[in-house]
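Engineer: coords please:
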Amino acid sequence: SQTAGNAQCLVDGGLVKRMQPGFSARSAVLSAALASQGVTGATNIFEGEYGFFKLYEGGKVKEENVVENLGEHFGVMDLSIKPYPCCRMTHASIDAALELYNSHDIDVKGIAEVIVYVSKMVSDMVGGPFTIRSNPQVDAQFSIPYTVAVALKKGDVFIDDFVSDTVKKESSILALAKKIKVLIDPELSTNDISSANMTIRMLQGESISFKVDTLKGSPLRPMTFNECAEKFKKCLEYSHKSSLIKNGEIITDFISNLEKKKDISEIFDYV
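Structural biologist: Have a look, this model is predicted:
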């Protein structure tokens, strides 16, 4: 994970997965600090004989693509914001479950089974029967059956639902998770993580369905500022700094007016 970062930790259930972006950010800051002290690095880092293009791409790179729309299109605008604190591959299924929860009066005790159709990659990564292994938190975060069970039971999926002791003790959630089956939709592309087609069959024979094609929080279906602010304030409840919890409203108001601020360093007075 510290050499290059890879997806194997997802398969193995390693906690280090959530640290990989931090490693990259730390390396960026360290590189800037070293450069400021006169430490030199490679000049031809991309196109050199042993540069990025040949090392990672086998030299099969259209170099013009690297600078296409440079200064006009900013990739940061294409990033997603995760509404739920679990693997992104579970989110389409959670979206479908919450839609059905909010549009129907579902008694989870009356559920016979839940069928979720997803892509092959999603099924392989997070679609297996829910099993608690060495780390219940990771097992839950990377499981469609568990996260969908939480969504259908509670109408929300948040941090508390992934505390290891909670995962092990929530018998009603575990029982519901066993009724949730994840199948491969042959019509979806192998790597599609944005789609899920869910059908809930009740013991009395009724069936209800919902299909998701676009993830909440993605550029095509962005979260509103208010939704982001509410998520932020919910997260603050888990902070050990009482000042953060107290200043949540001030911080979100400051950020909502960021473009009007002459000096954004003021925000650090509240964190």
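
Engineer: who touches residue 150 in this structure?
Structural biologist: 156, 157, 161, 173 (C-beta atoms under 8 Å, 6 or more residues apart in numbering). Every C-beta, even on glycine, is put in place using the N, C-alpha and C of the backbone.

Engineer: where along the stretch 151-271 of the chain do the helices fall?
Structural biologist: 164-169, 171-177, 225-236, 242-246, 248-256 (DSSP state H, counting those that start in this stretch).

Engineer: By mean pLDDT, show me the worst of those.
Structural biologist: Ranked by mean pLDDT, the helices of the stretch 151-271 of the chain end with helix 242-246 at the bottom, a mean of 84.

Engineer: Could you tell me how far that helix lies from the centre of the chain?
Structural biologist: 25 Å (C-alpha atoms, centre = their mean, to the nearest Å).

Engineer: export the helices of the stretch 151-271 of the chain to a markdown table and tack on distance to residue 13 and mean neighbour count?
Structural biologist: Output for those, formatted as a markdown table (distance: least, C-beta to C-beta, whole Å; neighbours: other C-beta atoms under 10 Å):
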| stretch | distance to residue 13 | mean neighbour count |
| --- | --- | --- |
| helix 164-169 | 12 | 14 |
| helix 171-177 | 17 | 17 |
| helix 225-236 | 23 | 14 |
| helix 242-246 | 30 | 12 |
| helix 248-256 | 32 | 15 |
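
Engineer: looking at the ones you listed, which is closest to residue 80?
Structural biologist: helix 225-236 (11.8 Å; C-beta to C-beta).

Engineer: Alpha carbons only: can I get the closest one in PDB?
Structural biologist: What follows is helix 225-236, C-alpha atoms only, in PDB (Å, rounded to 0.1, in the frame of the first residue of the first chain):
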ATOM      1  CA  PHE A 225     -24.400  21.700  -0.200                       C
ATOM      2  CA  ASN A 226     -27.000  21.200   2.600                       C
ATOM      3  CA  GLU A 227     -26.700  17.400   2.300                       C
ATOM      4  CA  CYS A 228     -22.900  17.700   2.600                       C
ATOM      5  CA  ALA A 229     -23.200  20.100   5.500                       C
ATOM      6  CA  GLU A 230     -25.600  17.700   7.300                       C
ATOM      7  CA  LYS A 231     -23.200  14.800   6.800                       C
ATOM      8  CA  PHE A 232     -20.300  16.900   8.100                       C
ATOM      9  CA  LYS A 233     -22.300  17.800  11.300                       C
ATOM     10  CA  LYS A 234     -23.300  14.200  11.800                       C
ATOM     11  CA  CYS A 235     -19.600  13.200  11.500                       C
ATOM     12  CA  LEU A 236     -18.700  15.900  14.100                       C
END
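
Engineer: That helix vs helix 248-256, what angle?
Structural biologist: Interaxial angle, helix 225-236 versus helix 248-256 (axes from the mean of the first three to the mean of the last three C-alpha atoms, to 10 degrees): 140 degrees.

Engineer: so what does helix 225-236 touch, helix or strand wise?
Structural biologist: helix 248-256 (3 or more C-beta pairs under 8 Å, 6 or more residues apart in numbering; DSSP states H and E).

Engineer: Identify the residues contacting the helix it packs on?
Structural biologist: So helix 248-256 is in contact with 225, 229, 232, 233, 236, 244, 261, 266, 267, 270, 271, going by C-beta under 8 Å, 6+ apart.

Engineer: how about these in CSV, adding distance to residue 34?
Structural biologist: What follows is the contacts of helix 248-256, written out as CSV (distance: C-beta to C-beta, whole Å):
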residue, distance to residue 34
225, 37
229, 37
232, 33
233, 38
236, 35
244, 32
261, 32
266, 30
267, 28
270, 32
271, 27
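
Engineer: quick one: which of the residues you listed is nearest residue 46?
Structural biologist: Nearest to residue 46 among the contacts of helix 248-256, counting by C-beta to C-beta, is residue 267 at 35.2 Å.

Engineer: Format the helices of the stretch 151-271 of the chain as a markdown table; extra columns: distance to residue 214.
Structural biologist: Output for the helices of the stretch 151-271 of the chain, formatted as a markdown table (distance: least, C-beta to C-beta, whole Å):
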| stretch | distance to residue 214 |
| --- | --- |
| helix 164-169 | 29 |
| helix 171-177 | 25 |
| helix 225-236 | 15 |
| helix 242-246 | 33 |
| helix 248-256 | 25 |
